[in-house]
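1. let's see this in three dimensions:
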Amino acid sequence: MPTVNFSVPEDIKNAFNITFEGQNKSAVIADLMRDAVEREQRRQRHCSAVDRILARRVNAPRITEAEFIAAREEGRP
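-> Model prediction:
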């Protein structure tokens, strides 16, 4: 398995060691990294979806507020 080296502030290192005392810290770090990757991928998919929606709005038909209200009220009891 590859090794990853990175620097962290001393206070974070100490808090991490205290919080996860007695646990496999490599496994904890791997889980945290996996969560971070999944969160970032989800954020990227979200941004991509928003971009697609906004791109479609460019070609969407324009209606007035009165037309919108009339369409909403149409068919209501």
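
2. show me where this protein has its helices.
-> For the chain, the helices defined by DSSP state H occupy 10-19, 25-58, 65-73.

3. Val4: which of those is closest?
-> helix 25-58 (8.0 Å; CB to CB). Placement of C-beta: from N, CA and C, glycine included.

4. and the average pLDDT for the closest one is what?
-> Helix 25-58 shows a mean pLDDT of 97.

5. returning to what we had before: save the helices of the chain as JSON lines, and put in distance to Pro2 and mean neighbour count too.
-> Below are these laid out as JSON lines (distance: least, CB to CB, whole Å; neighbours: other CB atoms under 10 Å):
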{"stretch": "helix 10-19", "distance to Pro2": "20", "mean neighbour count": "10"}
{"stretch": "helix 25-58", "distance to Pro2": "11", "mean neighbour count": "10"}
{"stretch": "helix 65-73", "distance to Pro2": "56", "mean neighbour count": "9"}
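
6. of all these, which lies closest to Thr3?
-> Of all the helices of the chain, the one in closest proximity to Thr3, counting by CB to CB, is helix 25-58 (9.2 Å).

7. circling back to that earlier point, what's the closest of the helices of the chain to Met1?
-> Proximity to Met1 (CB to CB) singles out helix 25-58 among the helices of the chain, at 8.5 Å.

8. CSV for the helices of the chain, including distance to Val4?
-> Shown next, in CSV, are the helices of the chain (distance: least, CB to CB, whole Å):
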stretch, distance to Val4
helix 10-19, 15
helix 25-58, 8
helix 65-73, 54
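
9. center of the chain, which residue is that?
-> Arg43 (3.0 Å; CA atoms, centre = their mean).

10. distance of that residue from Arg57?
-> Distance, Arg43 to Arg57, using CB to CB, to the nearest Å: 21 Å.
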